[in-house]
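Novice: Structure for this input, please:
(2 chains)
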2 protein chains.
Amino acid sequence: MNETLLMIPGPTRVSSRVLKAMSESIVNHRSAVFGEILTETNEMMSEVFQTQNQSYLITGSGTAAMEAALGNVISEGDKVLNIVGGKFGERFMQITETHGGVPVELEVEWGNAANPEDIRYILEEEEEIKAVTMVHNETSTGVENPIEEVGKILKDFDALYVVDTVSSLGGADVQVDNFGIDICVTGSQKCLAAPPGMAAITLNDDAWKVVDKTESKTYYLNLKKYRKSGSKAVPETPYTPSVSLMYAMNEALKIIMEEGLEARIKRHEQAAKATVNGVKAIGLELFASEDASSSTVTAVNMPEGMTDKNFRGTMRNKYRIELAGGQDHLKGNVFRIGHMGNITHREIISTIAAIEMSLKEFGYEVELGTGVAAVQESYMPGNNSLEFF
Amino acid sequence: MNETLLMIPGPTRVSSRVLKAMSESIVNHRSAVFGEILTETNEMMSEVFQTQNQSYLITGSGTAAMEAALGNVISEGDKVLNIVGGKFGERFMQITETHGGVPVELEVEWGNAANPEDIRYILEEEEEIKAVTMVHNETSTGVENPIEEVGKILKDFDALYVVDTVSSLGGADVQVDNFGIDICVTGSQKCLAAPPGMAAITLNDDAWKVVDKTESKTYYLNLKKYRKSGSKAVPETPYTPSVSLMYAMNEALKIIMEEGLEARIKRHEQAAKATVNGVKAIGLELFASEDASSSTVTAVNMPEGMTDKNFRGTMRNKYRIELAGGQDHLKGNVFRIGHMGNITHREIISTIAAIEMSLKEFGYEVELGTGVAAVQESYMPGNNSLEFF
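Specialist: Now for the predicted structure:
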């Protein structure tokens, strides 16, 4: 009853089915029984990535998978086009530098999406760009980048297309094969609704060709080893994986298969739309430009005079709903509502209602119920009818 | 009832208390409540390392912590003395190479412990050795290396002393401070009896001085970031950690505190002695030289004519006891009995009994009960009295 509702952009709520699966007894990670679980989990992972490629699970955070993506394809001095419009875009640039790459930065104002034509322009001007990094859903700003459009442009160039879908996969449409993504990474604790600690990566043949020609800059995240271990008669991981988290991922992915990927993405889009409508009805401003706004997280400008501590503190301590703050220079200036994973109309309604109450308590002019009504309206037949699986 | 008893050198059996703790609901990894769990876990970790240093938990396998140890102290061209007497000694050497270090290899015959005087000799002959890597317990051969004696020698030299205690910490005596260890790493799924997927590292001031002067070669495992995040008012990890595994580690470490570190180490030593006595009484030969034999894993030569598949297959499928095979060139030539974590006389007795039965079934001359009697004898008062906590 006192459990806090996590409305942050990861980790997200994990269902009891997944928690139960996770607490099964440990088996030998090099046994046939584990090999089967691993294979099944990898296969479901590829389905969610919408790819025919193999997928690999890595024990670590989404950042580990981001590092795996670049640390296996960059050689000293290689140019990488990093599209940077938030904290995670920056992270790809920092990883590029860590591994001796030379970042070519496309700076995008925080809150906006990247313009695909800018990317074409740079690729035409700059020679020998080895890879382009893009963050699909910039968790720090609530912006969704146009990965499909950028993929179309990249078909005309040799650069590898590396996409971070950590906070979008399973909640937004990511078609790895159709969008021409060469390397795609994600994390367990966002839209997939598994506990944190696992990441996944998938590479197509073009990417593997580069990996095969490149000396890996990382040992733990050496992808050639993941491929080799994964292709044994009894598939395994190169190093001891988190057996318990593999159980959890397996179960979380089964739940996604049962819901259906399309239905799940629709549910996320509905939740995003309802959240945006609720927030606007209260009179709050979105941080991200609305045409770029994310289907998994909404960033909202903090109302004038309100502190992070008062607002999010009240939400957490009084209403038991955890929102995220702003990151880096946005700290105190925005708050973020995560609506990813196992999120329904119920959680959106409670969250918007608690936001109304918290603001009113601190003297803001809020007519209770206004935001909630907008959320309800968003879910009514004709707008977005609810479907359950 | 059909659950397989894991007598492998990790992952080990996890108690239901730990499994239950792991399945608690996920909290925000940047909240005060998680900060407290993190601090408490780190502190208990330092107690088990027997150090005054801070410890850091990393979501990943023991190999990730091994890479963190070297990837933060090696600069291009630095010489590292790698003591190699098994697969994990080799791994340290491979990690040295991955990060641009130049390995100076001290080759030790598999099955033997390193001779401290050989290490002194190399350090006197070779100039500018930046670090010395040693694997305390070589899981692949069942050998325990003399980390205390080597520590005494290293006091006369500037090189950092980097020790892998992945399969020994919590089961053998590792006094990080007293032995002069500069960087020590371990994993969750061995003697600590937590599920796999977490690793820990501790560094003293000498090590931090080198880290501060070195550009980290890894992003996910950049230790400066772990220190920075860990020293915030609400301590956190730089990237989303596995919240569930942190719960599990916390509970597993509490169980260690309840048992008492000294009692736990004694229990492991008893189990090792009983296993060795049992194996010898059956007429089997130890792979490791007996004066170097490990307190957490026993490697045994496969009897002439017996195949891995028949022997370990029967143990697993008929007697529901999982043993480990040999690694690399030892595949098929040895089998390994892990006796780490939550292991008592009961499991050792069942294991030795099943080994007797499996061998007899394949025509080996074994008098049933001989090995078991030797195990029983090992636990009798006067030899090693049993104590429970």
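Novice: and the stretch 151-300 of chain A, which residues reach chain B?
Specialist: The stretch 151-300 of chain A comes close to chain B at residues A:187, A:189, A:195-198, A:216-222, A:239-245, A:248, as judged by CB under 8 Å from any CB of the partner chain. Where C-beta positions appear, they are placed from N, C-alpha and C, glycine not excepted.
Novice: which ones among these are found in helices?
Specialist: A:243-245, A:248 (DSSP state H).
Novice: Please name the residues that touch residue A:165.
Specialist: A:136-137, A:147, A:172, A:174, A:184-186 (CB atoms under 8 Å, 6 or more residues apart in numbering or on different chains).
Novice: Just list the residues touching residue A:311, thanks.
Specialist: With CB under 8 Å, 6+ apart, residue A:311 has these contacts: A:302, A:335, A:358-359, A:362.
Novice: Out of those, which end up buried?
Specialist: Buried by 16 or more other CB atoms under 10 Å in any protein chain shown: A:302, A:335, A:358-359, out of the contacts of residue A:311.
Novice: If we only consider those residues, which is nearest to residue A:310?
Specialist: Set against residue A:310, the nearest of those by CB to CB is residue A:358 (8.2 Å).
Novice: So which bits of the helix or strand encompassing that closest one are buried?
Specialist: Using DSSP states H and E, the element containing residue A:358 is helix A:345-361. Neighbour-count burial for helix A:345-361 flags A:345, A:347-356, A:358-359 (criterion: 16+ other CB under 10 Å).
Novice: do the same with stretch A:44-54
Specialist: Here stretch A:44-54 shows A:44-46, A:48-51, A:53-54 as buried, counting by 16+ other CB under 10 Å.
Novice: And for stretch A:369-388?
Specialist: For stretch A:369-388, the neighbour count (16+ other CB under 10 Å) marks A:371-372, A:374-376, A:378-379, A:384 as buried.
Novice: In helices, which of those appear?
Specialist: The helices, defined by DSSP H, take in A:371-372, A:374-376, A:378 from the buried residues of stretch A:369-388.
Novice: any idea which of those residues is closest to residue A:284?
Specialist: With CB to CB as the yardstick, the closest approach to residue A:284 among those comes from residue A:371, at 8.4 Å.
Novice: dump the residue contacts of the closest one.
Specialist: A:278-279, A:281-282, A:352-353, A:355-356.
Novice: low pLDDT regions in chain A?
Specialist: Applying pLDDT under 70 to chain A flags residues A:384-389.
Novice: Roughly how far does the residue lying closest to residue A:100 once chain neighbours are set aside sit from chain B?
Specialist: Spatial nearest neighbour of residue A:100, excluding adjacent residues (CB to CB, 6 or more residues apart in numbering or on different chains): residue A:76 at 4.1 Å. Taking CB to the nearest CB, to the nearest Å as the measure, residue A:76 and chain B are separated by 10 Å.
Novice: helix/strand/coil for residue A:76?
Specialist: coil (DSSP: H, G, I helix; E, B strand; the rest coil).
Novice: Just want the phi and psi numbers for it.
Specialist: Note on residue A:76: its backbone torsions stand at phi -40, psi 120 [degrees, to the nearest 10].
Novice: That one - how many residues pack around it?
Specialist: 10 (other CB atoms under 10 Å in any protein chain shown).
Novice: and what of residue A:105?
Specialist: Neighbours of residue A:105 (other CB under 10 Å): 15.
Novice: Next: residue A:231.
Specialist: Neighbour tally, residue A:231, other CB under 10 Å: 10.
Novice: What segments of chain A are helices?
Specialist: Using DSSP H, helices in chain A cover A:16-22, A:32-49, A:62-71, A:87-98, A:116-125, A:147-154, A:205-213, A:223-230, A:243-259, A:261-282, A:308-317, A:345-361, A:370-378.
Novice: Report all helices and strands that the fourth one contacts.
Specialist: Okay, so that is helix A:87-98. Where contact means 3 or more CB pairs under 8 Å, 6 or more residues apart in numbering or on different chains; DSSP states H and E, helix A:87-98 is packed against helix A:62-71, strand A:79-84, strand A:102-107, strand A:129-135, strand A:137-138, strand A:160-164.
Novice: and these, which is most packed in?
Specialist: strand A:137-138 (a mean of 32; mean count of other CB atoms under 10 Å in any protein chain shown).
Novice: from memory residue A:174 sits against residue A:136, does it?
Specialist: Yes: under the contact definition of CB atoms under 8 Å, residue A:174 touches residue A:136, with a separation of 6.6 Å.
Novice: Burial-wise, tell me which of the helices of chain A comes out on top.
Specialist: Mean neighbour count (mean count of other CB under 10 Å) peaks for helix A:62-71 among the helices of chain A, with a mean of 29.
Novice: Now do that helix and helix B:62-71, the angle between them.
Specialist: 60 degrees (axes from the mean of the first three to the mean of the last three CA atoms, to 10 degrees).
Novice: From the centroid of chain A, which residue is nearest?
Specialist: Geometric centre of chain A, nearest residue: residue A:167, 1.1 Å, by CA atoms, centre = their mean.
Novice: Could you pull up the residues touching that residue?
Specialist: Going by CB under 8 Å, 6+ apart, the list of residues near residue A:167 reads A:9-10, A:136-137, A:139, A:187, A:190-191, A:296-297, A:340.
Novice: Just the ones of those in strands?
Specialist: Secondary structure from DSSP state E places A:137, A:187, A:297 of these in strands.
Novice: give me the number of residues near residue A:144?
Specialist: Neighbours of residue A:144 using other CB under 10 Å come to 23.
Novice: distance of it from chain B?
Specialist: When distance is defined by CB to the nearest CB, residue A:144 is 20 Å away from chain B.
Novice: dump the residue contacts of that residue.
Specialist: Residue A:144 neighbours (CB under 8 Å, 6+ apart): A:113, A:136-138, A:168, A:172, A:292-295.
Novice: what's the answer for residue A:196, then?
Specialist: Counting by CB under 8 Å, 6+ apart, residue A:196 makes contact with A:10-11, A:61, A:187-189, B:26, B:29, B:59, B:240-244.
Novice: Count residues in the vicinity of the residue in the stretch 51-200 of chain A that chain B sits nearest to, would you?
Specialist: Residue nearest to chain B within the stretch 51-200 of chain A: residue A:197 (2.6 Å; CB to the nearest CB). Look at residue A:197: counted by other CB under 10 Å, it has 30 neighbours.
Novice: Next up, the contacts around the nearest residue to residue A:353 once chain neighbours are set aside.
Specialist: Spatially, and ignoring its direct neighbours in sequence, residue A:353 is nearest to residue A:372 (5.1 Å; CB to CB, 6+ apart). Going by CB under 8 Å, 6+ apart, residue A:372 touches A:278, A:349, A:352-353, A:356.
Novice: one more time with 6 Å, if that's ok
Specialist: Contacts for residue A:372 (CB atoms under 6 Å, 6 or more residues apart in numbering or on different chains) come out as A:349, A:352-353.
Novice: which non-adjacent residue is nearest residue A:361?
Specialist: Ranked by CB to CB, 6+ apart and with sequence neighbours excluded, the top spatial neighbour of residue A:361 is residue A:314, at 6.5 Å.
Novice: which residues does the nearest residue to residue A:193 once chain neighbours are set aside contact?
Specialist: Take residue A:193 and drop its neighbours on the chain: the residue closest to it by CB to CB, 6+ apart is residue A:341, 3.6 Å away. When contacts are counted by CB under 6 Å, 6+ apart, residue A:341 touches A:12, A:191, A:193.
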